[in-house]
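Trainee: pasting the sequence and the predicted coordinates here, then a few questions.
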Amino acid sequence: MFNLKKQIRTLYITGVLGNLSLTGAWVVILAARGFSLVQIGFAETVFHITSLICEIPSGMLADMYGRKKMLVLGNLMAITGDIIMLLSQDYWMVLLSMPFHAMSYNFASGSGEALAYDSMKREGKHKEYEKYVSNQSIIYRIASGISTLAAGLALYIGYRRSYLISAVMGGITLCFTLTLFEIKGKEERTHTSLFKETISFFAESIKFLYYNSKAAGLMFLNSLVGAIDILLLFFLQSKLRDAGLSDWMLGPALFIMQLGGIAGAKLILKAKKAKYVNVFIVCTTGVLAGVLIEHTGIAALMVLGGFISAMADDAIEIRTNAKLNSMFPSEQRATLISISLFTFSVIMIVLSPLAGYFFSIW
């Protein structure tokens with residue numbers, strides 16, 4: 001029997017477990033293994049190329065076959081990626097693990113959000129979705145912060161043990177995912193082939209975006225701001241070490257930056273009456289300020305810049321997420337969320353290697 005409180009509580013639990021990991025600071029782990037920023041940037045590109053290929057199909061499969069099924073598949077992909085990484089002995093195995101980690105996000109992202117929104121909509125409580133996204137953002141930041149706080153521990157015990165622990169955590173997450181109540185976007189299946197049905201479904205989603213240019217514009221702008229923030233936080237993991245921060249101080253510094261996201265998630269709920277355009281301008285300015293502050297080369301100021309950037313990114317992402325979901329039809333929700341994330345991956349493919357070069361020379 002469907003129970004909304006249990007459903008949301010379980011999604012929160014999987015959010016915590018899915019983001020708690022000793023390998024959260026994977027950039028600094030790879031850097032400690034001797035890989036260059038350019039190599040790390042290319043590995044990130046492989047990650048996003050996979051996302052580019054799999055993001056939209058994963059959303060369509062979630063709408064057609066079930067969001068819970070795709071969440072389970074995402075858990076399995078994450079465990080596989082961790083196992084490959086712990087067995088990796090060279091750069092090629094590191095690259096091999098990236099597609100599995102990417103697909104774990106692909107199958108989890110749109111599916112989880114769609115499952116949450118339609119679960120609330122089923123009970124007439126979808127107006128509480130922004131609060132849910134804010135809570136999930138806080139969970140993500142705290143869990144990720146704890147993970148990065150343990151960066152020094154991960155370097156101490158070695159990447160193999162770290163990824164083994166991460167794989168075990170993935171197995172625990174899978175157990176909770178299996179208890180979720182399934183809510184499909186497309187309840188009635190057609191008798192056409194999977195290929196034809198998928199093409200038709202994709203065409204319907206593109207048609208929606210064509211006639212809803214505002215939604216398409218929101219997707220692009222939010223993805224651009226988010227990409228800048230994520231790349232800044234990724235490469236700060238290495239740049240802070242270059243600025244003289246010790247391995248054991250790196251974890252606390254990264255945790256402080258994650259706290260910026262929590263501040264942004266709380267502040268945006270207090271700005272319900274603020275116009276979206278004003279929120280966007282303020283948040284974009286905050287993210288760009290973080291990039292500029294990084295150039296000071298002063299560790300304390302660089303951490304402050306990361307804090308401001310994370311705060312601004314989470315605030316705009318939460319407001320945009322709620323705004324977009326209010327526009328999306330239920331039967332295409334996971335697909336359209338995936339198209340939004342697809343846009344993010346396209347931007348990241350372009351920016352990741354450029355950012356690796358940019359941060360390596362400045």
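Mentor: Sure, I can see it. All of these numbers come straight from a predicted model, not from anything done at the bench.

Trainee: when you work out contacts or count neighbours from here on, use the C-alpha atoms and nothing else.
Mentor: Fine.

Trainee: how far away is residue 51 from residue 332?
Mentor: Look at residue 51 and residue 332: by C-alpha to C-alpha, to the nearest Å, they are 19 Å apart.

Trainee: comparing the two, which shows the higher neighbour count?
Mentor: Counted by other C-alpha atoms under 10 Å, residue 51 and residue 332 do not tie: residue 51 has more neighbours, with 30 against 23.

Trainee: correct me, but the more buried one touches residue 340?
Mentor: No - applying C-alpha atoms under 8 Å, one finds residue 51 not in contact with residue 340, separated by 11.5 Å.

Trainee: OK, contacts around residue 202?
Mentor: 60, 335 (C-alpha atoms under 8 Å, 6 or more residues apart in numbering).

Trainee: ok, now residue 339?
Mentor: Counting by C-alpha under 8 Å, 6+ apart, residue 339 touches 55, 56, 59.

Trainee: roughly how far apart are the nearest residue to the second one once chain neighbours are set aside and residue 257?
Mentor: Closest residue to residue 56 in three dimensions, ignoring its sequence neighbours and counting by C-alpha to C-alpha, 6 or more residues apart in numbering: residue 338, at 5.0 Å. Distance from residue 338 to residue 257, counting by C-alpha to C-alpha: 27 Å.

Trainee: these two: which is more packed in?
Mentor: residue 338 (27 against 24).

Trainee: which helix or strand contains the more buried one?
Mentor: In the assignment (DSSP states H and E), residue 338 maps to helix 333-361.

Trainee: what angle separates the biggest helix by length in the chain from helix 333-361?
Mentor: For the chain, the helix that runs over the most residues, judged by DSSP state H, is helix 91-122. Going by axes from the mean of the first three to the mean of the last three C-alpha atoms, to 10 degrees, helix 91-122 is angled at 140 degrees with respect to helix 333-361.

Trainee: surely residue 347 touches residue 224?
Mentor: Yes - between residue 347 and residue 224 there is a contact at 6.6 Å, judged by C-alpha under 8 Å.

Trainee: what's the neighbour count on residue 210?
Mentor: 12.

Trainee: again, but for the one 5 residues further on
Mentor: When counting by other C-alpha under 10 Å, one arrives at 20 neighbours for residue 215.

Trainee: same deal with residue 93?
Mentor: Around residue 93 there are 14 residues (other C-alpha under 10 Å).

Trainee: same thing with residue 157?
Mentor: 10.

Trainee: relative to residue 81, how far out is it?
Mentor: Distance of residue 157 to residue 81, computed by C-alpha to C-alpha: 19 Å.

Trainee: where's residue 149 relative to residue 250, distance?
Mentor: Residue 149 is 8 Å from residue 250, by C-alpha to C-alpha.

Trainee: I meant to write residue 277 there.
Mentor: Going from residue 277 to residue 250 by C-alpha to C-alpha gives 36 Å.

Trainee: more neighbours, those two?
Mentor: residue 250 (25 against 9).

Trainee: name the SS class of that one, please.
Mentor: What DSSP: H, G, I helix; E, B strand; the rest coil gives for residue 250 is helix.

Trainee: for it, give me its contacts.
Mentor: By C-alpha under 8 Å, 6+ apart, the contact set of residue 250 is 149, 151, 152, 237, 240, 241.

Trainee: any idea how far the helix or strand residue 82 falls within is from the chain center?
Mentor: Using DSSP H and E, residue 82 sits in helix 67-87. Remark: helix 67-87 is offset 15 Å from the chain centroid, using C-alpha atoms, centre = their mean, to the nearest Å.

Trainee: what about residue 223, which helix or strand?
Mentor: Per DSSP H and E, residue 223 falls inside helix 213-242.

Trainee: list the buried residues of that helix.
Mentor: Residues 215-216, 218-240 are the ones in helix 213-242 that count as buried (16 or more other C-alpha atoms under 10 Å).

Trainee: before we move on, what about stretch 24-42?
Mentor: 24-30, 36-42.

Trainee: got TSV for these, with secondary structure too?
Mentor: Putting the buried residues of stretch 24-42 into TSV (three-state DSSP) gives the following:
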residue	secondary structure
24	coil
25	coil
26	helix
27	helix
28	helix
29	helix
30	helix
36	coil
37	helix
38	helix
39	helix
40	helix
41	helix
42	helix
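
Trainee: pull the most distant pair out of those residues.
Mentor: The two members of the buried residues of stretch 24-42 with the most space between them (C-alpha to C-alpha) are 24 and 38, at 19.4 Å.
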